[in-house]
Structure formats: C-alpha cells, structure tokens
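[1] my questions concern the predicted model and sequence given below.
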Amino acid sequence: MSNKEKLEMYWKENLKVIFFLLVVWFVVSYLFGILMADALDSIKIAGFKLGFWFANQGSEVIFVILIYIYVVWMNAIDKKYDVHEE
C-alpha cells in the first residue's frame, strides 16, 4: 500500500469519526434541547426537568465529553496509520 493510499484511508476514517460525533452533537443539542424538550420535561432528574437540563447544561456537558471521545478516538486512528506524535 502506497503512502498516498494510506493517507486517503486515514482521511476517510477521520471524516467518519467527525460525522458520527457531529450527528451525536446535533441530536443532543437540537433534537433533545429544542424539539423534544417538552416531551423530555416529563422526566425529572435530581428535581430538574430533563428537557430543561438538555437545553441549559446537557449540550455543553455532552460537547465536552465528545471532545474527549474525539481525542481518544483520533489518537487510536493516528497510531493505526502511523501518523501519531512521538
């Protein structure tokens, strides 16, 4: 396998990771935080309505978790394609 093919495979896998994480972020921030907020308000966690939590804090918390997942996932992909930092 040539270096160009290897880098193309690396880039495709990178795009898959980014797409997946963006879909999760969209679902949490837009669907749960805006469109489904009223339906989620029937569920309470620690006295707070779940729709309110997603709209106010959930999106940010999930975003930070997604950043961590991205870093771990991309480090594994970097090592797989031998483009990682020493």
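    Okay, I see it. Numbers count the residues shown, from 1 in each chain.

[2] count the residues that sit near the nearest residue to residue 59 once chain neighbours are set aside.
    Nearest residue to residue 59, sequence neighbours excluded (CB to CB, 6 or more residues apart in numbering): residue 29, at 4.1 Å. (C-beta placed from N, C-alpha, C; glycine too.) Counted with other CB atoms under 10 Å, residues neighbouring residue 29 total 17.

[3] what residues of the host helix or strand of residue 60 count as buried?
    Element membership for residue 60 (DSSP states H and E) is helix 59-80. Residues 59, 62, 66, 73, 74, 77 are the ones in helix 59-80 that count as buried (16 or more other CB atoms under 10 Å).

[4] skipping adjacent residues, who's closest to the fourth one in space?
    For residue 73, ignoring the flanking residues on the chain, the nearest one in space by CB to CB, 6+ apart is residue 17 at 5.5 Å.

[5] let me see the contact set for that neighbour.
    Under the criterion of CB atoms under 8 Å, 6 or more residues apart in numbering, the neighbours of residue 17 are 70, 73, 74, 77.

[6] then residue 58?
    Shown in contact with residue 58 (CB under 8 Å, 6+ apart): 28, 32, 33.

[7] doesn't residue 51 make contact with residue 37?
    Yes. Counting by CB atoms under 8 Å, residue 37 touches residue 51, with 3.4 Å between them.

[8] so for these two, which sits in the more crowded spot?
    Neighbour comparison, residue 37 and residue 51: the larger count goes to residue 51, with 21 against 17 (by other CB under 10 Å).

[9] residues contacting whichever strand or helix holds the more buried one, please?
    Assigned by DSSP H and E, residue 51 belongs to helix 50-53. Applying CB under 8 Å, 6+ apart, the set of residues contacting helix 50-53 from outside is 32, 33, 36, 37, 38, 39, 40, 41, 42, 43, 44, 45.

[10] what mean pLDDT does that helix get?
    Regarding helix 50-53, the rounded mean pLDDT is 84.

[11] just the buried residues of it, please?
    By 16+ other CB under 10 Å, the buried positions in helix 50-53 come out as 50, 51, 53.

[12] chain neighbours aside, what residue packs nearest to residue 36?
    Here the residue nearest residue 36, using CB to CB, 6+ apart, is residue 51, at 6.9 Å.
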